[in-house]
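Asks: got a predicted structure here, sequence first:
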Amino acid sequence: MSRSYYGRPVIKETIWGSPEVPGYLFLGGLAGASSMLAGFAHAAGDHELARVSKTAATGAIALSAVALVKDLGRPERFVNMLRVVKVTSPMSVGTWLITSYAPLAAAAAASALTGKLPKAGAAATAGAAALGAGVSTYTAALICDTAVPAWHDGHREMPYLFAGSAATAAGGLGMIAVTPRHAGPAVRFAVLGAVTELTAKSLLLKRLGEGAKPYQQGRAGKLLEAGEVLTAAGLAGAVLASRDRTTAALSGLALLASSALTRFGIFEAGRASARDPAETIDPQRRRLLKKSKPAIQNPAAMTSDGAARLP
Amino acid sequence: MPELTTAASDPAALAGYDAHPPRMGFFTDTSVCIGCKACEVACKEWNSVPEDGLELTGMSFDNTVGLSASTWRHVAFIEQIGRPGDATTPPGDSRWLMSSDVCKHCTEAGCLDVCPTGALFRTEFGTVVVQDDVCNGCGYCVSACPFGVIARRETDGGAHKCTLCYDRLTDGQMPACAKACPTQSIQFGPLDELRERANARIDELHDQGKDEARLYLENPADGIGGAGAFFLLLDDPEVYGLPPDPVVTTRDLPRMWRHVATAGAALAAGALLATLRWKGTSQ
């Protein structure tokens, strides 16, 4: 049990709102990965899947933009994001990604739905697919580039977890909306995504060790557990019976929901880890002890940089 | 005005100021803090920081609880009362720690790094300040600060924190809190000079047998590149609500971007694999 100031948190809990921000993590992933699936499906001549994915991407990114602007303390000033370009700020990078991606995604969907301007549509489809890779994964850097222990310390695995979760959602949506005969690529994308997500999540929890508690307890633990159950169910349905319309749709729905639950769970884990002073203090204490081990026994006899202090 | 310098290693120079005044900061010597809260009051008065609740918390004399959008100086009160049979604090060692906390004006400032609007900026004095007319209240800085300093004010939706009295500094005045401090617990001046003073004070306290005295955030080799506002503490930082070994999150950002790029490429490979026409499949 570490010492603290009246049990008060050391860092501030995130003021990002729920469902806006975890909802955006989910929708942004769905949009980006759908555009990627649409891009390759378009190239392969899978027109039904391409059309569905382009439409889904446009809807998801439009909802995302609304959620993000709504979550600002001063929504009327959202355009101030476009004053600067900063690679040190994942939010700045993300703003520029979305700003360039959203019109392309919308143009690709409009062309696919109306059948007009097919060449411009194809170019927009390719552009949206390329930027979609960034849109669906940068959000991992967005939450990990914080002082929140559960998020920051998961920064090695989070991008893969988010990529997997995004593919799960995009594939799942394809399974719901595309006739089973044409949904093969969506099923395969969802399966690849779900397996990646589950693998990344288990690696993350393993490496966090004691720091994994926020992901395993409370609201976050329940959300992530439910997400895993749905992933497993959706995976089983996708692998075993994706030719059946109802099974395919239900499996797709389960995968889509599992992706959302995972994002909400990760968001809640960050909140919980920020609230608990021990989550901030203990890993730092362990780091200091490791640095100073050969020199001194008493942790109180250290300066802030962990060096031994002269008696 | 202080003399102009052009040191290459200081944050103001890195931020692009060719000639600028020396880096200014605070040295808060908690060993002489008497918990009068004059700093809290002077800060509120000078900076027109609004009232943010009048509640009795039961946390000794601390009723402001911590730094926030509307509390830019916060005096912590820690009662270490030895009771019979208490091994950690024998009755004779009872003490009452007081410490005035403030924004650390980090050399490597996470809040400034992640701000997507450029509202947070580095001043010519090496301090970190929010431009209220630019901030759109995204809240990223709040989660990036390893000390829980900056916060969003619900009444105006913007992020706020200590400016090290930027307006007073440009007029050659010392910040309001330091001016009001009756015991010189809060010392203001060029950072180099403050570090020298702090080291002399630590030596003095150690000579008096006060081995528990230690400097916090004075070391440029620490996880935030050293603070512009550092402290002399009499116990572990966490006892005062401070992180014992903070590291700015953006130090790991290059690695995060590399993993993001790899994950994005993997996702593209996955989409390609999924859409290839496999033998035996209908597609």
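Replies: Sure, I can see it. Residues are numbered from 1 along each chain as shown, chains lettered A, B, ... in the order given.

Asks: now residue A:146: how far from chain B?
Replies: Using Cβ to the nearest Cβ, to the nearest Å, one gets 4 Å for the distance from residue A:146 to chain B. All C-beta spots, glycine's among them, are computed from the backbone N, C-alpha and C.

Asks: for that residue, the count of nearby residues, please.
Replies: 28 (other Cβ atoms under 10 Å in any protein chain shown).

Asks: same thing with residue A:203?
Replies: Quick note: residue A:203 (other Cβ under 10 Å) scores 15 neighbours.

Asks: again with the one 10 residues further on
Replies: By other Cβ under 10 Å, the residues close to residue A:213 number 20.

Asks: so where does it fall, helix or strand?
Replies: helix A:213-216 (DSSP states H and E).

Asks: same deal with residue A:195?
Replies: With DSSP H and E as criterion, residue A:195 is part of helix A:184-208.

Asks: now do residue B:99
Replies: Counting by DSSP H and E, residue B:99 is found in strand B:95-102.

Asks: in that strand, which residues are buried?
Replies: Neighbour counts using 16 or more other Cβ atoms under 10 Å in any protein chain shown place B:97-102 of strand B:95-102 among the buried residues.

Asks: try stretch B:256-272
Replies: Those would be B:256-257, B:259-260, B:263-264, B:266-268, B:270-272, for stretch B:256-272 by 16+ other Cβ under 10 Å.

Asks: ok, stretch B:195-208 next?
Replies: Buried residues in stretch B:195-208, defined by neighbour count with 16+ other Cβ under 10 Å: B:195, B:198, B:201-202, B:205-206.

Asks: mean confidence for that stretch?
Replies: Taken as a whole, stretch B:195-208 carries a mean pLDDT of 98.

Asks: cool, and stretch B:17-25?
Replies: Stretch B:17-25 carries an average pLDDT of 95.

Asks: ok, stretch B:74-88 next?
Replies: The average of the pLDDT scores along stretch B:74-88 is 84.

Asks: same thing with stretch B:41-54?
Replies: 94.

Asks: would the helix holding residue A:213 count as contacting chain B?
Replies: No: contact between helix A:213-216 and chain B is absent, the nearest approach being 14.4 Å (criterion: Cβ under 8 Å from any Cβ of the partner chain).

Asks: contact partners of whichever helix or strand comes after that helix?
Replies: As assigned by DSSP H and E, the chain's next helix or strand after helix A:213-216 is helix A:218-241. The list of residues contacting helix A:218-241 from outside it, by Cβ atoms under 8 Å, 6 or more residues apart in numbering or on different chains, reads A:168, A:171-172, A:175, A:187, A:190-191, A:194-195, A:197-198, A:201, A:214-216, A:247-248, A:250-255, A:257-262, A:264-269, A:271-272.

Asks: before we move on, back to that, secondary structure, distance to chain A and pLDDT added to the buried residues of stretch B:256-272, as TSV?
Replies: What follows is the buried residues of stretch B:256-272, written out as TSV (DSSP: H, G, I helix; E, B strand; the rest coil; distance: Cβ to the nearest Cβ, whole Å; pLDDT from 0 to 100):
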residue	secondary structure	distance to chain A	pLDDT
B:256	helix	4	98
B:257	helix	6	98
B:259	helix	4	98
B:260	helix	5	98
B:263	helix	4	98
B:264	helix	4	98
B:266	helix	6	98
B:267	helix	4	98
B:268	helix	5	98
B:270	helix	5	97
B:271	helix	4	97
B:272	helix	5	97
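
Asks: secondary structure element for residue A:88, which one?
Replies: Going by DSSP H and E, residue A:88 is not part of any helix or strand.

Asks: what's the closest non-adjacent residue to it?
Replies: Among residues not flanking residue A:88 along the chain, residue B:113 sits closest, at 4.2 Å (Cβ to Cβ, 6 or more residues apart in numbering or on different chains).

Asks: can you verify the one you found is assigned to a helix?
Replies: Yes: assignment of residue B:113 by DSSP: H, G, I helix; E, B strand; the rest coil places it within a helix.

Asks: and the pLDDT at it?
Replies: pLDDT, residue B:113: 98.

Asks: got it, and residue B:91?
Replies: Residue B:91 is assigned 70 on the pLDDT scale.

Asks: and what of residue A:311?
Replies: pLDDT, residue A:311: 32.

Asks: likewise for residue A:131?
Replies: The model's pLDDT for residue A:131 equals 98.

Asks: show me where the stretch 51-200 of chain B has its strands.
Replies: In the stretch 51-200 of chain B, the strands defined using DSSP state E, counting those that start in this stretch lie at B:73-80, B:95-102, B:120-122, B:128-130, B:151-152, B:159-160, B:186-190.

Asks: burial of the closest residue to residue A:2 other than its chain neighbours, as a residue count?
Replies: Leaving aside its sequence neighbours, residue A:2 sits nearest to residue A:281 (Cβ to Cβ, 6+ apart; 4.5 Å). Neighbours of residue A:281 under the rule other Cβ under 10 Å: 23.

Asks: wouldn't residue A:281 be in contact with residue B:243 here?
Replies: Yes: the criterion here is Cβ atoms under 8 Å, and residue A:281 meets it with residue B:243 at 6.7 Å.

Asks: list residues touching both of those two?
Replies: Both residue A:281 and residue B:243 are contacted by residue A:10, under the criterion Cβ under 8 Å, 6+ apart.

Asks: ok so, going back, which strands and helices lie in contact with the helix holding residue A:195?
Replies: Applying 3 or more Cβ pairs under 8 Å, 6 or more residues apart in numbering or on different chains; DSSP states H and E, we find helix A:184-208 packed against helix A:20-44, helix A:47-71, helix A:158-177, helix A:213-216, helix A:218-241, helix A:245-275, helix B:253-275.

Asks: show me which residues of the fourth one are buried.
Replies: What that stands for is helix A:213-216. For helix A:213-216, a neighbour-count test (16+ other Cβ under 10 Å) marks A:213-215 as buried.

Asks: tell me the mean pLDDT for it?
Replies: Helix A:213-216 shows an average pLDDT of 97 in the prediction.

Asks: list the contacts of the closest residue to residue B:22 other than its chain neighbours.
Replies: Leaving aside its sequence neighbours, residue B:22 sits nearest to residue B:190 (Cβ to Cβ, 6+ apart; 4.1 Å). Going by Cβ under 8 Å, 6+ apart, residue B:190 touches B:2, B:22-25.

Asks: identify the residues contacting residue A:153.
Replies: Residue A:153 makes contact with A:208, A:211, A:283, according to Cβ under 8 Å, 6+ apart.

Asks: from the residues you listed, pick the one nearest chain B.
Replies: residue A:283 (8.7 Å; Cβ to the nearest Cβ).

Asks: quick one: that closest one and residue A:213 touch, right?
Replies: No: applying Cβ under 8 Å, one finds residue A:283 not in contact with residue A:213, separated by 11.5 Å.

Asks: number of residues surrounding residue 221?
Replies: Picked chain A for this. Counted by other Cβ under 10 Å, the residues lying close to residue A:221 total 17.

Asks: nope, chain B
Replies: By other Cβ under 10 Å, neighbour count at residue B:221 equals 9.
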